[in-house]
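1. only geometry, no sequence info:
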């Protein structure tokens, strides 16, 4: 966490964020005192590779549902990793979120993916290395899970890091996976909107006007 704060402060002093204010905090998906104060706060949530821990998957869905504003959108990037992505999508649908899935969403990512497939499964396993894009959309009136589902989901929330040591160890086992290109951060910091970035040891950005 201290590393994240230091990085945010250093980039802020260097003018990397323009008028955007950035601060760091811890948010656990399964912690009511973390989620409740931010409920209905985010227009957009970005989530990367957070679906593989069975005990936290339902918590993440509920956090996404609760943290999004009406008509908000969550962009979830994750590999299939066996049944984990499918189970997450089922929970999201039970929570009343609209769910769509894309395999090809960025030409650069697809290009790297195709090249890595040629190296064979020993070097690149699509099931655990290639992130699909899951788009979750919250309806204008959605506030409670549908059918009694048991769940624990201008502003942007980034959820991209680990919730505990077990997750960190799991991530380390996949550490040799080839890196995929990232989007230009400038696309995420337009003026006259409020942007908040938070992960499990994440960072928060506020730009333009007060939210």
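-> Arrived safely. Predicted model only: the values in this text are computed from it and were never measured.
2. list the buried residues in stretch 111-126.
-> Residues of stretch 111-126 classed as buried under the neighbour-count rule (16 or more other Cβ atoms under 10 Å) are 112, 113, 116, 124, 125. In short, each C-beta sits where N, CA and C put it, glycine included.
3. closest one to residue 91 out of the residues you listed, please.
-> Using Cβ to Cβ, residue 125 is the member of those that lies nearest residue 91, at 24.5 Å.
4. pLDDT value on the closest one, please?
-> Listed pLDDT for residue 125 reads 96.
5. same check on residue 179?
-> We note a pLDDT of 42 for residue 179 in this prediction.
6. now residue 153
-> Predicted confidence (pLDDT) for residue 153: 38.
7. what mean pLDDT does the lengthiest helix in the chain have?
-> When the chain is parsed with DSSP state H, its longest helix is helix 54-67. If you average the pLDDT over helix 54-67, you get 93.
8. mind giving me the packing neighbours of it?
-> The elements that helix 54-67 packs onto, with contact taken as 3 or more Cβ pairs under 8 Å, 6 or more residues apart in numbering; DSSP states H and E, are helix 32-35, strand 42-48, helix 84-94.
9. contacts for the shortest one?
-> Just to be clear, that refers to helix 32-35. Residues lying outside helix 32-35 but in contact with it, judged by Cβ atoms under 8 Å, 6 or more residues apart in numbering, are 26, 27, 28, 29, 63, 66, 67.
10. between those, which has the most around it?
-> Using other Cβ atoms under 10 Å as the neighbour criterion, residue 63 leads those with 28 neighbours.
11. nearest to residue 50 among the contacts of helix 32-35?
-> Checking the contacts of helix 32-35 against residue 50 by Cβ to Cβ gives residue 29 as the nearest, at 8.4 Å.
12. ok, residue 36 - contacts?
-> For residue 36, the contacting residues are residue 66, taking Cβ under 8 Å, 6+ apart as the criterion.
13. before we move on, the earlier item: return the most buried member of the helices and strands packed on helix 54-67.
-> Taking mean count of other Cβ atoms under 10 Å as the contact definition, the stretch among the helices and strands packed on helix 54-67 with the greatest mean neighbour count is strand 42-48, which reaches a mean of 21.
14. who are the packing partners of it?
-> Contact partners of strand 42-48 among helices and strands, from 3+ Cβ pairs under 8 Å, 6+ apart: helix 54-67, strand 68-78, strand 156-159.
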